[in-house]
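K.L.:
Coordinates only, no sequence provided:
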């Protein structure tokens with residue numbers, strides 16, 4: 001993927017919303033910025049402060065894209081897909097990473 005072209009503002013409609021996740025099990029509250037692409041899909045960006053440990057793992061080891069909008073997590077088909085994928089990401093990526101950090 002040519003990231004410069006993919007994340008170009010002309011590929012977005014300008015409509016966005018914020019997806020939130022608060023789950024006591026995950027011990028965290030997160031909010032994302034969800035941008036609508038002109039093809040009707042949604043790009044999900046984490047624009048939350050992460051500590052250096054978390055940021056380094058996500059960017060350098062897991063290879064998430066760092067963009068001006070935030071850390072690009074994934075593309076989704078629709079709003080329901082955004083919610084499902086985001087909750088899965090919190091449970092399976094972020095929570096696991098934070099548990100490993102505590103160990």
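P.N.:
Thanks, I have it. Remember, it's a predicted structure, so these values are computed and weren't measured experimentally. Numbers count the residues shown, from 1 in each chain.
K.L.:
Now do the contacts for the nearest residue to residue 14 once chain neighbours are set aside.
P.N.:
Nearest non-adjacent residue to residue 14, counting by Cβ to Cβ, 6 or more residues apart in numbering: residue 36, 7.8 Å away. Where C-beta positions appear, they are placed from N, C-alpha and C, glycine not excepted. By Cβ atoms under 8 Å, 6 or more residues apart in numbering, residue 36 lies in contact with 12-16, 42.
K.L.:
who wins for neighbours among those residues?
P.N.:
In terms of neighbour count, residue 42 stands highest of the contacts of residue 36 at 23 neighbours, by other Cβ atoms under 10 Å.
K.L.:
ok, what's across the strand from that residue?
P.N.:
Judged by DSSP bridges, the bridge partners of residue 42 are residue 36, residue 76.
K.L.:
Quick one: mean pLDDT over the lengthiest strand in the chain.
P.N.:
Longest strand in the chain, counting residues (DSSP state E): strand 12-23. In this model, strand 12-23 has a mean pLDDT of 88.
K.L.:
Note down every partner strand of it and its orientation.
P.N.:
strand 28-37 (antiparallel).
K.L.:
residues of the partner strand that come out buried?
P.N.:
By neighbour count on 16 or more other Cβ atoms under 10 Å, the buried set for strand 28-37 is 30, 32-36.
K.L.:
Mind listing residues that contact the helix or strand hosting residue 4?
P.N.:
Using DSSP states H and E, residue 4 maps to helix 3-6. With contacts defined as Cβ under 8 Å, 6+ apart, helix 3-6 is touched by 11, 65, 67.
K.L.:
how distant is that helix from the center of its chain?
P.N.:
17 Å (Cα atoms, centre = their mean, to the nearest Å).
K.L.:
try stretch 63-80
P.N.:
5 Å.
K.L.:
I am finished for the moment; much appreciated.
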